[in-house]
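[1] let me see the structure of the following:
(chains A and B)
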Protein chains: 2
Amino acid sequence: MTKVIQPGAMIGIIGAGQLGKMLAQSAQKMGYKVAMYDPNPTSCGFAVAHSTTVADFTDREALLNFVQSVDVVTYEFENIDGDLLKELESESYLPQGTDLLLNSQDRIKEKKWLNQQGIPTTDFAEVNTWTELTIALKLINLPAILKTTRFGYDGKGQVFLKDQADLEAKQSDIEALLEEQSLILEAFCDFKYEVSVIVSQDLYGNIEIFPISQNQHINGVLYSSIVGANYSEDLTDQIYDIAEKIAKAGKLIGVCGIEFFITEDEEVFVNEIAPRPHNTGHYTLEATNVSQFDQHILGITGRSLINIRLFEPGLMINILGQHLPYVEKVSQQYPEAIYHIYDKGEAKKQRKMGHFTLTKPDYNQLETMLYQSTSLKAWQDLF
Amino acid sequence: MTKVIQPGAMIGIIGAGQLGKMLAQSAQKMGYKVAMYDPNPTSCGFAVAHSTTVADFTDREALLNFVQSVDVVTYEFENIDGDLLKELESESYLPQGTDLLLNSQDRIKEKKWLNQQGIPTTDFAEVNTWTELTIALKLINLPAILKTTRFGYDGKGQVFLKDQADLEAKQSDIEALLEEQSLILEAFCDFKYEVSVIVSQDLYGNIEIFPISQNQHINGVLYSSIVGANYSEDLTDQIYDIAEKIAKAGKLIGVCGIEFFITEDEEVFVNEIAPRPHNTGHYTLEATNVSQFDQHILGITGRSLINIRLFEPGLMINILGQHLPYVEKVSQQYPEAIYHIYDKGEAKKQRKMGHFTLTKPDYNQLETMLYQSTSLKAWQDLF
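    Numbers count the residues shown, from 1 in each chain, chains lettered A, B, ... in the order given. Take a look at the predicted model:
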């Protein structure tokens, strides 16, 4: 169905965190009204919304009322129950769909689905008991990572297993996780670096892929994304081919973030996918001619995507709770950066409170800054 | 006083039209809260504000309450009474100041003030009666334009006088205007083209000037702004010198739009100034590394301005009420444009309802589009 949602219509966004806020700002720029749904009454997106609903993501009645009260629905929050999602899809207009989301909510399902599409991932095995873990470790060599299959984000619910001694030392942590839910044992990928792309697709089958961003995670949380490097044609092709496959097979409408591991030999493995705007795409608010948020709104409102051009190489740095006292100092050092502060209230440690983006005509300047600036080094040490 | 307003603080914006809305979106991106004041309860800015006040711009008590309830005040609306403005300035924190506004609210005062700074304007004379008009016409040759000295915008309150016969034919219109308020007779400037710049200044005396935009007005309303042409060094210097003079003499904090007439011989005359974000600066949301709205918020919150770079040549086209039915058609022809729809309610004829901006690596492509595209020609004909 190709349905064009005209300005003036109400877009309903499920989830009113920073992704919801930035989506709302794009939608409002284009003349849409925005209704937002989140269980947290102080969600930062609420401050900019036309109307707000405070209710749990598991509250079937509230969610159904919400989606039926708007002209088109989208979500930035991923952990909605699958059955409920299917019901939302049948009871409202949700062009973003649920295929990609249902396939990415569970790490095992996600990897299986990717492999079915011919997309390489690291080796993995499902683990529900200590015995299963012992068997899995016969197939997957250490080092490896044990992760919860669902609801993990920013490094939460993960145990790194370096060697046999590590396994024994962490037994009680692992058993605690096993009591909660299924785990996945993933082979540790000795990657040279991590990259991501944001892929977008509209109702007319146009696929647009944002530039490749190289990312640094520290303790499971994104620290930096840098964009504008020259990657080999072969690597670029592999990444773009995978992104296109995922968009097509997943019937993507709007945007989806895809994270990759790249090895020394330029082997490419998909780490994970997130069928919504992604933290590693925040640089698009400044460095490209169209942002991931604009592109998502264009997609779900049935308009054509915009051809993407990188204006200048860009560097995005996340601001966590513990960084807030230092924002003013770092902004004096980088006054040319654009600062995004989400206005999320309490500045908890490790909580994403904002980000800043620098663009430069010369990529090397940004790279030097990222790897050699003493103030960014201090920033990084706070992660 | 150099006072830094930290994110989380409340910015009060007087005026909640599209300029207020776009200012609010910049402020919210940076983590500020936004309170807005406007007599029109359906103002488009209100939809994105944290809190709203509906009251008249002449309501002293409401305005004073409003400005005292926020951490910093700014205005996008220009026609606030001078005495009231002075009171607001003494009773609240209004870094934007009132000097430039007080000097630009009245066309005669504005031209006198500009001339005092050594800045050239076209010849002018004050006209309060028909007799004064007769005398003024001895000093200023026809063709000339009679304008109300205050509250005129988008070509309203203006009478063009081509020749003596025109004067006689329009006598009743002129007498009607004279009954309302003082008029100014301005020599008609036979300009080759019109340009503008947005100049910005921060509390630390840094002045940043956005690129020169060439503008087309039709029936007094801005149709297009195009940016990225090569102007002679001499012309650029003249324009930038004047902009700097105005920023300094006017004690500007934030941004100010300045419109110029450029003659065949590259003589430069200032047409008018607007001490706030300006329609001819909307292209900065896409084509430069920082927008006029961001720069204004940085200025008034006591932060340093960002050095301005043009990413790509840009072309902005206004969308008036009568264009709205054709937006979808033109957007199919220019899908790479970013559309801003203000969500202002009723689409009255000549009312600014939105704009769209195209950027291209090559200026000539944009120029060709502006002057040769049949769909833009049709768009222009609707003005």
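[2] does A:Thr236 really touch A:Ile209, like I thought?
    No - in this structure A:Thr236 lies outside contact range of A:Ile209 using Cβ atoms under 8 Å: 9.8 Å. For glycine as for every other residue, the C-beta is placed from the backbone atoms N, C-alpha and C.
[3] so which of these two has more stuff around it?
    More crowded of A:Thr236 and A:Ile209, by other Cβ atoms under 10 Å in any protein chain shown: A:Ile209, with 18 against 15.
[4] for that one, what are its contacts?
    Under the criterion of Cβ atoms under 8 Å, 6 or more residues apart in numbering or on different chains, the contact list for A:Ile209 reads A:Val197, A:Ile198, A:Val199, A:Ser200, A:Tyr240, A:Ala243, A:Glu244, A:Ile308.
[5] pull out the buried members of these.
    For the contacts of A:Ile209, a burial check counting by 16 or more other Cβ atoms under 10 Å in any protein chain shown picks out A:Val197, A:Ile198, A:Val199, A:Ser200, A:Ala243, A:Ile308.
[6] you'd agree the second one is up against A:Pro277?
    If I follow you right, that is A:Ile198. Yes - applying Cβ under 8 Å as the test, A:Ile198 and A:Pro277 come out as touching, 7.4 Å apart.
[7] intersection of neighbour lists for the two?
    Listed as contacting both A:Ile198 and A:Pro277 by Cβ under 8 Å, 6+ apart are A:Val255, A:Gly257, A:Gln292.
[8] if we ignore the residues flanking it in sequence, what's nearest the last one?
    If you skip the residues right next to it in sequence, A:Gln292 has A:Gly281 as its closest partner in space, 3.9 Å away by Cβ to Cβ, 6 or more residues apart in numbering or on different chains.
[9] count the residues that sit near the one you found.
    31.
[10] report how many residues lie close to the residue of the stretch 251-383 of chain A found nearest chain B.
    In the stretch 251-383 of chain A, no residue comes nearer to chain B than A:Ile341, which is 2.6 Å away by Cβ to the nearest Cβ. Neighbours of A:Ile341 under the rule other Cβ under 10 Å: 22.
[11] does the residue lying closest to it once chain neighbours are set aside count as helix, strand or coil?
    Spatial nearest neighbour of A:Ile341, chain neighbours left out: B:Gly31 (2.6 Å); criterion: Cβ to Cβ, 6+ apart. Secondary structure assignment for B:Gly31 (DSSP: H, G, I helix; E, B strand; the rest coil): coil.
[12] what's near enough to touch B:Gly31?
    When contacts are counted by Cβ under 8 Å, 6+ apart, B:Gly31 is found next to A:Tyr339, A:His340, A:Ile341, A:Tyr342, A:Asp343, A:Gly354, B:Pro7, B:Gly8.
[13] for the stretch 201-350 of chain A, which residues are neighbours of chain B?
    When proximity is defined as Cβ under 8 Å from any Cβ of the partner chain, the stretch 201-350 of chain A approaches chain B at A:286, A:289-290, A:294, A:303-307, A:309, A:311-312, A:328, A:331-332, A:335-336, A:338-343.
[14] what's the answer for the stretch 51-200 of chain A, then?
    Residues of the stretch 51-200 of chain A lying near chain B by Cβ under 8 Å from any Cβ: none.
[15] the stretch 51-200 of chain A: strands as residue ranges?
    Ranges of strands in the stretch 51-200 of chain A, per DSSP state E, counting those that start in this stretch, are A:51-54, A:72-75, A:124-127, A:144-148, A:158-161, A:183-187, A:193-201.
[16] could you dump those strands into CSV with mean pLDDT and distance to B:Ala144 added?
    Putting the strands of the stretch 51-200 of chain A into CSV (pLDDT from 0 to 100; distance: least, Cβ to Cβ, whole Å) gives the following:
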stretch, mean pLDDT, distance to B:Ala144
strand A:51-54, 97, 52
strand A:72-75, 97, 54
strand A:124-127, 95, 81
strand A:144-148, 93, 77
strand A:158-161, 90, 77
strand A:183-187, 94, 79
strand A:193-201, 98, 54
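[17] dump those into JSON lines; add distance to B:Lys147 as well.
    Listed next are these as JSON lines, based on distance: least, Cβ to Cβ, whole Å:
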{"stretch": "strand A:51-54", "distance to B:Lys147": "43"}
{"stretch": "strand A:72-75", "distance to B:Lys147": "46"}
{"stretch": "strand A:124-127", "distance to B:Lys147": "74"}
{"stretch": "strand A:144-148", "distance to B:Lys147": "70"}
{"stretch": "strand A:158-161", "distance to B:Lys147": "69"}
{"stretch": "strand A:183-187", "distance to B:Lys147": "73"}
{"stretch": "strand A:193-201", "distance to B:Lys147": "49"}
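[18] shaky segments in the stretch 101-250 of chain A?
    Low-confidence segments of the stretch 101-250 of chain A (pLDDT under 70): A:152-155.
[19] any idea which of the buried ones among the contacts of A:Ile209 is closest to chain B?
    For those, the closest approach to chain B (Cβ to the nearest Cβ) belongs to A:Ile308, at 9.8 Å.
[20] which one is the closest one nearest to, not counting chain neighbours?
    Excluding the flanking residues, the one nearest A:Ile308 by Cβ to Cβ, 6+ apart is A:Glu208, at 5.2 Å.
[21] so which strand or helix has the one you found?
    Taking DSSP states H and E as the definition, A:Glu208 sits inside strand A:207-209.
[22] check which element follows that strand along the chain.
    Counting by DSSP H and E, what follows strand A:207-209 is strand A:213-218.
[23] A:Phe260 and A:Asn271 touch, don't they?
    Yes - the pair A:Phe260 / A:Asn271 is scored as a contact, 6.2 Å apart, by Cβ under 8 Å.
[24] overlap in contacts, those two.
    With Cβ under 8 Å, 6+ apart as the test, A:Phe260 and A:Asn271 both reach A:Glu194.
[25] more crowded one of the two?
    Neighbour count, other Cβ under 10 Å: between A:Phe260 and A:Asn271, A:Phe260 has more, with 24 against 19.
[26] what packs against the helix or strand where A:Leu315 lies?
    Element membership of A:Leu315 [criterion: DSSP H and E] is strand A:314-320. Applying 3 or more Cβ pairs under 8 Å, 6 or more residues apart in numbering or on different chains; DSSP states H and E, we find strand A:314-320 packed against strand A:221-227, strand A:352-359, helix A:363-372.
[27] now the angle between strand A:314-320 and the longest one, please.
    Helix A:363-372 and strand A:314-320 are oriented at 30 degrees to each other (axes from the mean of the first three to the mean of the last three Cα atoms, to 10 degrees).
[28] quick one: helix A:363-372 near chain B?
    No - taking Cβ under 8 Å from any Cβ as the criterion, helix A:363-372 and chain B are apart, separated by no less than 13.2 Å.
[29] quick one: mean pLDDT over that helix.
    Helix A:363-372 shows a mean pLDDT of 96.
[30] with just CA atoms, put the next helix or strand after that helix into CSV.
    Sequence-wise, the next helix or strand downstream of helix A:363-372 (DSSP H and E) is helix A:374-381. C-alpha atoms of helix A:374-381 as CSV (Å, rounded to 0.1, in the frame of the first residue of the first chain):
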residue,chain,number,x,y,z
THR,A,374,44.0,15.0,25.3
SER,A,375,40.5,16.3,26.2
LEU,A,376,38.9,13.6,24.2
LYS,A,377,41.2,11.1,25.8
ALA,A,378,39.9,12.3,29.2
TRP,A,379,36.4,12.1,27.9
GLN,A,380,37.0,8.5,26.8
ASP,A,381,38.5,7.6,30.2
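[31] helix A:374-381 and chain B in contact?
    No - judged by Cβ under 8 Å from any Cβ, helix A:374-381 stays clear of chain B, getting no closer than 15.9 Å.
[32] next, the buried residues of that helix.
    Buried residues in helix A:374-381, counted by 16+ other Cβ under 10 Å: A:Leu376, A:Trp379, A:Gln380.
[33] with stretch A:222-237 instead?
    Within stretch A:222-237, the residues that count as buried by 16+ other Cβ under 10 Å are A:Leu222, A:Tyr223, A:Ser224, A:Ser225, A:Ile226, A:Val227, A:Gly228, A:Ala229, A:Tyr231, A:Leu235.
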